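# coords please:
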Amino acid sequence: MDGTAEGARSRKRRTHLRRNVLIALGIVFGIALAGGGILALHIQGFHRRLASECDKALDAIRKAGHPATIEELQDWYGQIPDEENAAPIYLEAFSKIVWDEEEMEEHPAVEGGLNLDAWETISDEDAQFGLAWIEKNREAIQLLHKASSFVQCRYPLDSELWPLVSASLGRSQDALRAARLLGVDAALHTEGLRGESTAAPARAAVRSIASLLALGRSLSAEPHMISHLLRGTILVIAIRSLERILSQTEIDDEGILTLLSFLDESALHEGIARSVIAERCISSRLYELPSNDLHKWLSDGEPTLGWRFSMMVARIHGWPQKEQLRYLGLSLELQELCELPFPERLDALAEFEEHLLDDSGTDVGHFRSLTKLMLQPHLKVCVRLGECIAKLRCARTALAIERYRAARGALPDDLTALVPEFLDSIPVSPYDRSPLRYRTLERGFSVWAAWDPPRRAPEIKITYAAGQEPPPDPAREGLPPGIIFSVKR
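Numbers count the residues shown, from 1 in each chain. Here you go, the predicted model:
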């Protein structure tokens, strides 16, 4: 009897315990559920506040008269009537270019556009290959010359992110090949290897150089910074070609005036500022991409499990929106810096880069790397712009000296003799605002723009193979490093 009662009490205690445990678990689960709900509402509200801040930042950009999305970018660039637009002709020319990678690798000088120094000679093998290549691309060259007569160029922009980026990068590659083709054409004309009469090579070379400069100008409205790095490369090919032809033959006044009309400095400045605005429309979208798509921008291969987990944590903490806000602020700051004159711009860019690379403060994971990836190319382009401006000013001054020599029968004693008939004023170096320097040589002359390395001037380091070193250059003798344009005739 007592055993039966004790068993009943034991069962009752166990039943009571199970009920209490279930009640406790229910309370814990309820608290967890309520806490999770409260946390989810808090996170949702936090994300809404961040999204609202991003929207306000984009609205401020719109109020300043600039586009904030790819769709708005289309309208901001505007349309050009087909009959006034060089882009369709350039695109047709690009499609006609014959380019064999294996053959080009066997002739690196031709692959580089025969972009040689004045003292270098074109080998017979390169000359023969270059002539054959030019013949294959005769139609493309004619189209490039035709496009150079147009003032305006507006390449098509896709409204979707990936096609837009892909098309812009593809055009940059095509334009580089076209530039090298024109460089080879100019070099072979300069050497008189195209079979023309005495005066014809100079005129034909001038036409190819003018078409080179026009090709660079056609990229001024492109939304990617890589296009503006390419513009600098095209300008270098054109100016080195000009330096070579002036060292070998005289260009008539009509040819010089044609080249001066294409050596326009304002187009360089305008293109940089516009590209900062345009690329912001593209880059701000990247912070909204799904994790797998974002991985394509930052890394090769497939995203790992660790990558996916870190991105999940990042999105919970609102890191994409936080870094997007930082990116928008930095891009607006960079846009203002691009409006500064040289050399103040270079000083400001050095400070900006320190701020950009500063990893202190809130950790936003991979999104900080994305911001650096989007903005650092702008800094390279702006520094390269200083070099391009220096080269352009030296080239324009050299052409003014050539006009003086043709009119007076002798070189000027100094640059003041060119003002005001051939120059409005003596150009200055973009690095320190010192006037360009000029000296006569035993044969010809040189124009030199000083640079100041602390102001982020380009560092040029060239290594020559044994036995291939250039002869001593009297144009540089006694001068510190700088941008120099020499005419050895």
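# show me where pLDDT drops low in the stretch 201-350 of the chain?
For the stretch 201-350 of the chain, the stretches flagged by pLDDT under 70 are 267, 270, 295-300, 307.
# which residue ranges form the helices in it?
For the stretch 201-350 of the chain, helices defined by DSSP state H, counting those that start in this stretch occupy the ranges 225-248, 253-262, 265-283, 291-298, 305-316, 319-337, 344-357.
# buried deepest among the ones you listed, which one?
helix 225-248 (a mean of 23; mean count of other C-beta atoms under 10 Å). Where C-beta positions appear, they are placed from N, C-alpha and C, glycine not excepted.
# list the helices and strands that helix packs on?
helix 161-190, helix 200-217, helix 265-283, helix 366-408, strand 482-487 (3 or more C-beta pairs under 8 Å, 6 or more residues apart in numbering; DSSP states H and E).
# give me every residue that touches the spatially closest residue to residue 181 that is not a sequence neighbour.
Once flanking residues are discounted, residue 181 sits nearest to residue 137: 5.6 Å by C-beta to C-beta, 6 or more residues apart in numbering. Residue 137 is in contact with 96, 97, 98, 181, counting by C-beta atoms under 8 Å, 6 or more residues apart in numbering.
# ok, of these, which one's closest to residue 322?
residue 97 (45.3 Å; C-beta to C-beta).
# how much space separates that closest one from residue 108?
18 Å (C-beta to C-beta, to the nearest Å).
# out of these two, which sits in the busier spot?
Each of residue 97 and residue 108 has its neighbours counted (other C-beta atoms under 10 Å); residue 97 has more, 19 against 9.
# returning to what we had before: phi, psi for the residue nearest to residue 181 please.
Main-chain torsions, residue 137, degrees, to the nearest 10: phi -110, psi 20.
# before we move on, what about residue 409?
Dihedral angles (degrees, to the nearest 10) for residue 409: phi 80, psi 10.
# how about the contacts made by it?
By C-beta under 8 Å, 6+ apart, residue 409 has no neighbours at all.
# if I look at it, how far off is residue 165?
For residue 409, the distance to residue 165 - C-beta to C-beta - is 55 Å.
# residue 425 now?
42 Å.
# redo the helices and strands packed on helix 225-248 as CSV? Include distance to residue 73.
Formatted as CSV, the helices and strands packed on helix 225-248 follow (distance: least, C-beta to C-beta, whole Å):
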stretch, distance to residue 73
helix 161-190, 9
helix 200-217, 20
helix 265-283, 4
helix 366-408, 16
strand 482-487, 34
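# closest to residue 313 out of those?
Closest among the helices and strands packed on helix 225-248, using C-beta to C-beta: helix 366-408, at 10.8 Å.
# that closest one vs strand 482-487, what angle?
Angle of helix 366-408 versus strand 482-487, following axes from the mean of the first three to the mean of the last three C-alpha atoms, to 10 degrees, is 30 degrees.
# and the contacts of the helix or strand immediately after helix 366-408 in the chain?
Moving toward the C-terminus from helix 366-408, the next helix or strand (DSSP states H and E) is strand 437-440. Contacts to strand 437-440, defined as C-beta under 8 Å, 6+ apart, come from residues 397, 401, 411-412, 414-415, 445-450, 475, 479.
# could I get the residues you listed as JSON lines with neighbour count?
Formatted as JSON lines, these follow (neighbours: other C-beta atoms under 10 Å):
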{"residue": "397", "neighbour count": "23"}
{"residue": "401", "neighbour count": "25"}
{"residue": "411", "neighbour count": "16"}
{"residue": "412", "neighbour count": "17"}
{"residue": "414", "neighbour count": "11"}
{"residue": "415", "neighbour count": "21"}
{"residue": "445", "neighbour count": "22"}
{"residue": "446", "neighbour count": "22"}
{"residue": "447", "neighbour count": "25"}
{"residue": "448", "neighbour count": "23"}
{"residue": "449", "neighbour count": "28"}
{"residue": "450", "neighbour count": "21"}
{"residue": "475", "neighbour count": "19"}
{"residue": "479", "neighbour count": "14"}
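# can you tell me which of those residues has the lowest confidence score?
Ranked by pLDDT, those bottom out at residue 475, which scores 51.
# nearest residue to residue 226 in space, please, no chain neighbours.
residue 172 (5.4 Å).
# reformat the helices of the stretch 201-350 of the chain as a markdown table; add distance to residue 130.
Output for the helices of the stretch 201-350 of the chain, formatted as a markdown table (distance: least, C-beta to C-beta, whole Å):
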| stretch | distance to residue 130 |
| --- | --- |
| helix 225-248 | 13 |
| helix 253-262 | 22 |
| helix 265-283 | 29 |
| helix 291-298 | 38 |
| helix 305-316 | 48 |
| helix 319-337 | 41 |
| helix 344-357 | 38 |
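# out of those helices, which gets nearest to residue 152?
Nearest to residue 152, of those and by C-beta to C-beta, is helix 265-283 at 11.7 Å.
# that closest one: how far from the chain's middle?
Centroid displacement of helix 265-283 relative to its chain, using C-alpha atoms, centre = their mean, to the nearest Å, is 9 Å.
# and residue 152, what are its phi and psi?
Torsion angles, degrees, to the nearest 10, at residue 152: phi -110, psi 150.
# ok, it - how many residues close by?
For residue 152, using other C-beta under 10 Å, the count is 14.
# what does stretch 256-269 rub up against?
206, 209-210, 213-214, 217, 220, 231, 242, 251, 338, 385, 388-389, 392-393, 395-396, 399, 402-403.
# repeat that for 6 Å
Outside stretch 256-269, the residues that touch it by C-beta atoms under 6 Å, 6 or more residues apart in numbering are 210, 213, 217, 220, 385, 388, 392, 395, 396, 399, 403.
# which among these end up buried?
By neighbour count, with 16 or more other C-beta atoms under 10 Å, those hold 210, 213, 217, 220, 385, 388, 392, 395, 396, 399, 403 as buried.
# how about the contacts made by the second one?
Contacts for residue 213 (C-beta under 6 Å, 6+ apart) come out as 238, 262.
# could you do the last one as well?
Residue 403 makes contact with 256, 422, according to C-beta under 6 Å, 6+ apart.
# do that again at 10 Å, thanks
251, 253, 256, 257, 260, 418, 421, 422, 423 (C-beta atoms under 10 Å, 6 or more residues apart in numbering).
# closest to residue 18 out of those?
residue 260 (96.1 Å).
# would you check how far apart the closest one and residue 403 are?
Relative to residue 403, and taking C-beta to C-beta, residue 260 is found at 9 Å.
# send the alpha carbons of stretch 160-173 over as CSV?
What follows is stretch 160-173, C-alpha atoms only, in CSV (Å, rounded to 0.1, in the frame of the first residue of the first chain):
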residue,chain,number,x,y,z
GLU,A,160,22.6,47.5,-67.3
LEU,A,161,25.7,47.4,-65.0
TRP,A,162,27.6,44.4,-66.4
PRO,A,163,27.0,45.2,-70.1
LEU,A,164,28.0,48.8,-69.6
VAL,A,165,31.3,47.9,-67.9
SER,A,166,32.1,45.2,-70.4
ALA,A,167,31.4,47.4,-73.4
SER,A,168,33.5,50.3,-72.0
LEU,A,169,36.4,48.0,-71.3
GLY,A,170,36.1,46.4,-74.7
ARG,A,171,36.1,49.8,-76.4
SER,A,172,39.3,50.8,-74.5
GLN,A,173,41.1,47.7,-75.9
